[in-house]
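*Asks:* Got a predicted structure plus its sequence, pasted below:
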Amino acid sequence: MPLRATIDGNDIYAYEYTEGDWISFKDSYKEKNLLMPCCFSQAIPKTSKLGTFFFSHKQKSECNSAPESSEHIYLKTLVAKAAIEAGWSVCTEYRGVSLAEEDWVADVLCKKGNATVAFEIQLSSVPYSDIAERTERYKRSKVRVAWLVDSIKFKDWKTHSTKSHPIFGVSRLSVGELPTVRHFDRSVNEFVKALLGKEIQWITEPWEYYIFYIEDVCWKCSKPVKQVYGSAIDVYGESAKTVPNASTVLSNFCDFISNDELRSLGLNTIGKHEKLKGNAPGFPYCNVCIHCGAPQNNHYLMNHLQKQDREFGEAKFTSPREGSGKWVWLMA
């Protein structure tokens, strides 16, 4: 549901109205040529369950604009107002086209001088790949973007937030309370002003991972090996719990560490063996002996993890990946 409508070709914004003015507008809008900016059909002013003013289609139409929740409209209003208070010009539901002729619609587009920043609000569940793809689309339009996501539905938002893909978790909305950006425990209003004011910046620093392993012996060459079964970064981690899950956990190692880096730590490497007995069908990733290259099946690994009949350990790995770091509020 947009916060923007047009009257005789001129944009008006619902968040610019006081409560009294909005009531008066509701009584008089029928005398005006009030249209939706998405499809130019007739619009009506409404108030959401959270008390936010917005516009809606007067009648069902063939418009392909996606419906928005009351929470989405509320956050969009907070972002727009904060950006205006920070001295930026704002347009909600702004439609643009990338240099590759890709269409996009920004929840809130902010401009100041030569700078253009889009704020996107994502409260429904989508794959992180969708967020990354849409971010790249903005880049091809020379627009920077910041994502505000539901911190409950996107539990691992922090590990996906990077300099090139800025993602920030927002607390669930409660009537009468301003939502907060969880990473900084500050209100959305304060956050928007700080981000636009360059008080929030990406500080590059290596990520420190802990890789969990058990002491074992290779079934083929009988040499001692360290079978890896999980990893953790900060408070986020995962460990193998079932034979299929072991493959999934081990395949995720490829996102942050190479086999050469595992080998330098004295750990087994990770390999893909589609028809290995002891691996679940369709879940082929497993440990590979650091000495002879023999695959170590996941059924065998899980037996030792469940019986706890081996020595456990952890290896510390500092990722040298370019761009690793965190978002910091410099004045906080």
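*Replies:* Good, I have the coordinates. Predicted model only: the values in this text are computed from it and were never measured. Numbering: from 1, shown residues only.
*Asks:* Make sure residue 206 is actually in contact with residue 319.
*Replies:* Yes: with contact defined as Cβ atoms under 8 Å, residue 206 reaches residue 319; the gap is 5.6 Å. Heads up, the C-betas are built off the backbone N, CA and C, glycines and all.
*Asks:* If you count surrounding residues, which of these two has more?
*Replies:* Neighbours per residue, other Cβ atoms under 10 Å: of residue 206 and residue 319, the larger number sits with residue 319, 15 against 12.
*Asks:* mean confidence score for stretch 76-87?
*Replies:* Here stretch 76-87 scores 96 as its mean pLDDT.
*Asks:* List the buried residues for it?
*Replies:* Residues of stretch 76-87 classed as buried under the neighbour-count rule (16 or more other Cβ atoms under 10 Å) are 76-84, 86.
*Asks:* Which of those residues fall in strands?
*Replies:* Among these, the subset assigned to strands under DSSP state E is empty.
*Asks:* Quick check: the gap between the closest residue to residue 103 other than its chain neighbours and residue 113.
*Replies:* In this structure, residue 103 finds its nearest non-sequential neighbour in residue 97, 5.8 Å apart by Cβ to Cβ, 6 or more residues apart in numbering. Taking Cβ to Cβ, to the nearest Å as the measure, residue 97 falls 22 Å from residue 113.
*Asks:* which of these two has more neighbours?
*Replies:* Using other Cβ under 10 Å, the more surrounded residue of residue 97 and residue 113 is residue 97, with 12 against 6.
*Asks:* how about that one, phi and psi?
*Replies:* phi -140, psi 130 (degrees, to the nearest 10).
*Asks:* same deal with residue 144?
*Replies:* Phi and psi for residue 144, reported as degrees, to the nearest 10, are phi -80, psi 150.
*Asks:* Then residue 171?
*Replies:* phi -70, psi 160.
*Asks:* Could you check how far residue 17 is from residue 29?
*Replies:* 11 Å.
*Asks:* try residue 163
*Replies:* From residue 163 to residue 29 the distance is 44 Å (Cβ to Cβ).
*Asks:* if I read this right, residue 183 contacts residue 166, doesn't it?
*Replies:* No: the criterion here is Cβ under 8 Å, and residue 183 misses it with residue 166 at 10.6 Å.
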